[in-house]
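Predicted model and sequence follow; I will ask about them next.
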4 protein chains.
Amino acid sequence: MAGSTWGTLFTMTTWGESHGEGLGVVVDGCPAGLDLCREDIQKYLDRRKPGQSRFATKRQEGDQVEILSGIFEGRTTGTPISMVVRNTDQRSHDYDAVKDLYRPGHADYTFDAKYGFRDYRGGGRSSGRETIGRVAAGAVAAKFLESLGIRVAAYTKSIGHIEIDPDRFDMEERFRNRLCMPDAQAALEAEAYLDELMARKDSAGGVVECVIDGLPAGIGEPVFEKLDARLAHALMSVGAVKGVEIGDGFGAAFRVGSVNNDGFLKAKDGSVAKRSNHAGGILGGISDGSQVVVRAAFKPTPSISQVQRTVDRQGQEVEAVIKGRHDPVIPPRAVVVVEAMAAFTAADVLLWSMTSRLDRILEFFGGNDHSDRLQGK
Amino acid sequence: MAGSTWGTLFTMTTWGESHGEGLGVVVDGCPAGLDLCREDIQKYLDRRKPGQSRFATKRQEGDQVEILSGIFEGRTTGTPISMVVRNTDQRSHDYDAVKDLYRPGHADYTFDAKYGFRDYRGGGRSSGRETIGRVAAGAVAAKFLESLGIRVAAYTKSIGHIEIDPDRFDMEERFRNRLCMPDAQAALEAEAYLDELMARKDSAGGVVECVIDGLPAGIGEPVFEKLDARLAHALMSVGAVKGVEIGDGFGAAFRVGSVNNDGFLKAKDGSVAKRSNHAGGILGGISDGSQVVVRAAFKPTPSISQVQRTVDRQGQEVEAVIKGRHDPVIPPRAVVVVEAMAAFTAADVLLWSMTSRLDRILEFFGGNDHSDRLQGK
Amino acid sequence: MAGSTWGTLFTMTTWGESHGEGLGVVVDGCPAGLDLCREDIQKYLDRRKPGQSRFATKRQEGDQVEILSGIFEGRTTGTPISMVVRNTDQRSHDYDAVKDLYRPGHADYTFDAKYGFRDYRGGGRSSGRETIGRVAAGAVAAKFLESLGIRVAAYTKSIGHIEIDPDRFDMEERFRNRLCMPDAQAALEAEAYLDELMARKDSAGGVVECVIDGLPAGIGEPVFEKLDARLAHALMSVGAVKGVEIGDGFGAAFRVGSVNNDGFLKAKDGSVAKRSNHAGGILGGISDGSQVVVRAAFKPTPSISQVQRTVDRQGQEVEAVIKGRHDPVIPPRAVVVVEAMAAFTAADVLLWSMTSRLDRILEFFGGNDHSDRLQGK
Amino acid sequence: MAGSTWGTLFTMTTWGESHGEGLGVVVDGCPAGLDLCREDIQKYLDRRKPGQSRFATKRQEGDQVEILSGIFEGRTTGTPISMVVRNTDQRSHDYDAVKDLYRPGHADYTFDAKYGFRDYRGGGRSSGRETIGRVAAGAVAAKFLESLGIRVAAYTKSIGHIEIDPDRFDMEERFRNRLCMPDAQAALEAEAYLDELMARKDSAGGVVECVIDGLPAGIGEPVFEKLDARLAHALMSVGAVKGVEIGDGFGAAFRVGSVNNDGFLKAKDGSVAKRSNHAGGILGGISDGSQVVVRAAFKPTPSISQVQRTVDRQGQEVEAVIKGRHDPVIPPRAVVVVEAMAAFTAADVLLWSMTSRLDRILEFFGGNDHSDRLQGK
């Protein structure tokens, strides 16, 4: 695999640059028979669309998706689903000033080191627009998971030091404020903080949290392909993410075992449940039936319009001011990206997990009696 | 890939259970011509060996490695290197008491959910002994990286709230104290803290940090196979790890862009360098030539000898006391595991990165003139 | 991997159905810096385009390719190259008659068995049009190989029992006749044979041969990823292929060792060469520097307009006549598909082979002295 | 993947050289709960063991397998199954004479070209003993398939021009004669032919055929991962194989469509069946429920004790006589290898195919009602 494909049985292959013809994704391995229409995808893309608030880039992109394959009579056929979003509002000349510059915090220098040259327009492949393919693919995965009663939801947990308060947590609120915070008051405080930063031509970091409800116990492989390891890979592959945690995450490193262990109990309906969920729903890399909780830390937007000292492609030191249209904070638009990556990864690992037990395989194939199968000669 | 293989071009496939015949690994894709002997592997295994201090399990295992293939006349041949460590000190009867129990913080319940039953002896495949194969493979990778001038080093950064002090940092000190801390004073404080916890039959969590020096710029793929994404996957796949960070990690989420951005400068020798390294040596998923810095958070050892409330396999609530031989803290023995996983992952990604530029490929193959190649007919 | 991606480091992911919006491919892992334009791709697609002779389907498709990403200023950037061909001449109503039918020799029944239903229009994903993505990707690979002096060429070796004569072999002739045979006389005979079959509403099978010149020795992995094993996989994955051979292939099974062995000799320039090439350029799965020779056997076109006995989706026996526009023989249009798959596979394996030797890796990275690399802190 | 691993969900990773410490395999992804013991493996290894007839190498190897992991209380646990066979009868000095020689038909030259040097003892990794790991893994797959009522059987179809007669076909006879032919008379003729060749210090080629009975319809992916493409890959990866066919294979290339098409019919039990099986049980890459039929062509054993002209490592022309212990024909001992590779590949593809339909996935997971799942907090 050459780096633009994610997944094992259920895969997405993304392509596209910020200022090329468009961006897209090929989703392969989606089970046949899933009801899926353009609107299922578009509503996810709309959540990451720019130009929606004063905290998001002013670039105006319709970001209308077209589905080119894999659907017949409203249902997935099991063959690849190709989706394309055309770029329409490219202002490439904005980038002429930076084409010979190594912008701090960006991948300009590393792309040059790796490839010898780069498409400098809007960050090219390393642009935030690269996530369009991820989100479209994640929308397919989310629809699939929903059919199994599994729901994935992400939201902004913190912006700078302003964090949501668990006592005010309201999942629906994340759709109401522009920062995607499930806490109206925290959102107000964060807006004020961002206004202040924008006045200073600065940017903020933040944390996105994502929960998966309804995932059955037993999903994930126990060694290298642990469910949490794959989620960490998936989220760390999103631009600007610098850290990933499961459950209590780094907090667990400061705690003692007697507090951190989640004892099991017998639920009212007789099933096995846990008294607490410090583990974030995963034990030994395998889901335990509790809510899966994962977080990603985003660094502050590197594009700031302050004067910065850096070097150009010739290695000469220069003072640079980054123009262009940029968000002062990444999480609000990254929430749907995290949700997409978590949903896609969970769906892939779930499919994989169907093959772990002989008894269930025998049941799936109707036992060992295939005498009714056709026998040509 | 069925979950026990890690890597793309340079792979390790591990196998083995805590109380089975042994544990081992097959390393495939190691370049031919690398000087490698048993001692190169054994010295890494000795660093994770139990029974070395009062903070490590009392289990006595020689953990002597045998190399079964892939080496000829002292050099790697390019074919798979199979390595085996026999189990010698299994006390399986220790585990009879827990075979029907779902121990809190362990993978007992999830293994049962996934596989229908499990090898309950010592955690079976989910035991810490599973890392033996990782460490042996990492030793091969480290030797390969050394030949390129790349050095990987991990150490305990914190145990509970006791953290190393950057002003006292001494890399060699990590080999002198039993907690693998590169700060003698922090190690003493942490020992006292652990003694206190052991008296209370409790355990501590901690953080392991790992640095990679000498990695050239340009290593890593820009989308799903970012160098940091693969490192996150690799480290999160280690048992008990609940969080992974690159560079400033979660700290970056609380910072502003003007502080977090690393400006580039012109080094004395004329090359491009950075003024700071908040990014931890990776930009856009690709190494930037600076030191790569990654951290893993370990939860407290789940095996504690306090009475814990949980359920048994029949779903009945019980009070349980976990016996057996366990470490009160995981990082000191996990340091070499983190180092191994980071080295292996870096080596794999490095090989992959050889194919990114046509000019270098042409140079590698001696241009487009193969007229001197044999031409049978 | 979900079945629509081919390759390890250099990959193609194809998508599309015969009567959907279009078909396409995402090529990932193409080295950066390769001159590539739309015309490089279009000329390959033109070779497989329908409607060019009386032996090819009458469907009129412009099959004009659009490149959506991965190229900047005329060169590949190292990021995914997305290519799309829109369907324009769909006559889906042609297929209403067969939607409930299991056509003999087609994948109708097996798609239903696998997916529960299918896009029956023109075979959907199992249509010959599925190869459009393969050919576009192969054109990229061929351009890459050419830059290294490696040339891949396929041609029709036989149609029915009419085979090209080695004494009349003229590689350029394959572009002159409609059957892509490098032997004008054999092509004439085959045309007459096909005219006769068409009069009888029947179809013919045939063999396509492909040669790779200029491939250096040492390419391929020695066990499961042998160069010939990957070529066999690649060619057998083309629709209607029922057999694949390397070198003398099945002929070798009837021969004795003293005849089949290719002795080595010292070439005039002092290099190692072979006295003969029964092996087809591959020994132990690794290229030996001779011409690589591979063949694929194609079954007769299953769509014939004779009355055939079969069953419908309800399992009832029916007599069926297949309408639609179909080729009476597959190889002439499959020649470019075979060439594309062989080129792509060789390019992928070649890249992979860069990592086999430590001495060459050290040379590639400039030895173990990275002291000139930037060192941020 | 570094070339020594085969499979996607169900994988084998083989290792070992002819004259190293031993050979072995790690099987990963085997479903949990399969009854499996050492004898299940040993009986397959005994079928490929040398020293059993005058047509097989005189090397005496017990080839006793040891299972090191993955089994608990007689059943597979779902974790990797590591199996080792120690080498015991190495006569490495036999090979001193050939260490500087490029033997015709062997991989000596290509290994040197790829790796720079090689373990020359007995062919090292390119020895026929490399198949030990494949056979051990195939035995696990065969046991798994049997539990589903799927049976895989291979046999020698021809040696030189002596072919089995369908009218005398007796599957059990393949275990009775030393050439593994299911036709006693053909075996006698072939023995006489081989005696004659041995007198002339020559060797023969041959064809192995393999059938899979009981495979349900719907197994295989429709594009690159066709069931036949994977089988072709698997068989072509076996040393000395130069061609692979499915069903009528190359014969289909000489036939017309009206003959080659297999019409469907309604079986007595009401199911869909085929009137004939030219396709070899696979249509569009997906099993059709008929018997799967695949064939592999083996070249003559390259090691012959005639004088042969070749070159040495210095490129000087020499006359060479190959000593050592070699079989005059490969198929009789390769039969079990072909069976193993076919079984393993079928098992892997079968597991993969469980994920193709939403309706069956919903059924597998018990619909979308997980309200009874544990919900920790």
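Arrived safely, thanks for sending.

For residue A:24, which non-adjacent residue is closest in space?
residue A:84 (4.1 Å; CB to CB, 6 or more residues apart in numbering or on different chains). Bear in mind the C-beta positions are built from the backbone N, C-alpha and C, glycine included.

surely the one you found meets residue A:64?
No: contact between residue A:84 and residue A:64 fails when scored by CB atoms under 8 Å: they sit 9.6 Å apart.

More neighbours: which of these two?
Comparing residue A:84 with residue A:64 by other CB atoms under 10 Å in any protein chain shown, the one with more neighbours is residue A:84, at 26 against 15.

List the residues that contact that one.
By CB atoms under 8 Å, 6 or more residues apart in numbering or on different chains, the residues touching residue A:84 are A:22, A:23, A:24, A:65, A:66, A:68, C:68, C:84.

correct me, but the second one touches residue A:16?
Spelled out, that is residue A:23. Yes: proximity of residue A:23 to residue A:16 meets the contact threshold set by CB under 8 Å, at 2.8 Å.

which neighbours do those two share?
Contacts common to residue A:23 and residue A:16, judged by CB under 8 Å, 6+ apart, are A:85, A:129, A:130, A:132, A:133, C:69.

Lowest average confidence across helices and strands of chain A, where is it?
None of the helices or strands of chain A scores lower by mean pLDDT, DSSP states H and E than strand A:317-321, at a mean of 91.

Buried residues of it, list them for me.
For strand A:317-321, a neighbour-count test (16 or more other CB atoms under 10 Å in any protein chain shown) marks residue A:320 as buried.

is chain C contacted by it?
No: using CB under 8 Å from any CB of the partner chain, strand A:317-321 never reaches chain C; the gap is at least 13.5 Å.

So in that sheet, which strands flank that strand, and in what orientation?
Using DSSP bridges, the strands paired with strand A:317-321 are strand A:307-311 (antiparallel).

Need the three-state assignment for residue A:12.
Following DSSP: H, G, I helix; E, B strand; the rest coil, the label given to residue A:12 is strand.

What segments of the stretch 201-350 of chain A are strands?
With DSSP state E, counting those that start in this stretch, the ranges of strands along the stretch 201-350 of chain A come out as A:206-213, A:241-246, A:264-266, A:272-274, A:282-283, A:286-287, A:292-298, A:307-311, A:317-321.

For those, give me a markdown table that also has distance to residue D:293.
Below are those laid out as a markdown table (distance: least, CB to CB, whole Å):
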| stretch | distance to residue D:293 |
| --- | --- |
| strand A:206-213 | 45 |
| strand A:241-246 | 49 |
| strand A:264-266 | 52 |
| strand A:272-274 | 49 |
| strand A:282-283 | 45 |
| strand A:286-287 | 40 |
| strand A:292-298 | 46 |
| strand A:307-311 | 65 |
| strand A:317-321 | 68 |
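
so which of those strands comes closest to residue B:238?
Nearest of those to residue B:238, taken as CB to CB: strand A:241-246 at 12.5 Å.

Could I get the contacting residues of residue A:252?
The contact partners of residue A:252, by CB under 8 Å, 6+ apart, come to A:260, A:278, B:205, B:242, B:243, B:297, B:298, B:299, B:300.

Roughly how far does it sit from residue B:205?
Noted for residue A:252: a distance of 5 Å to residue B:205, by CB to CB, to the nearest Å.
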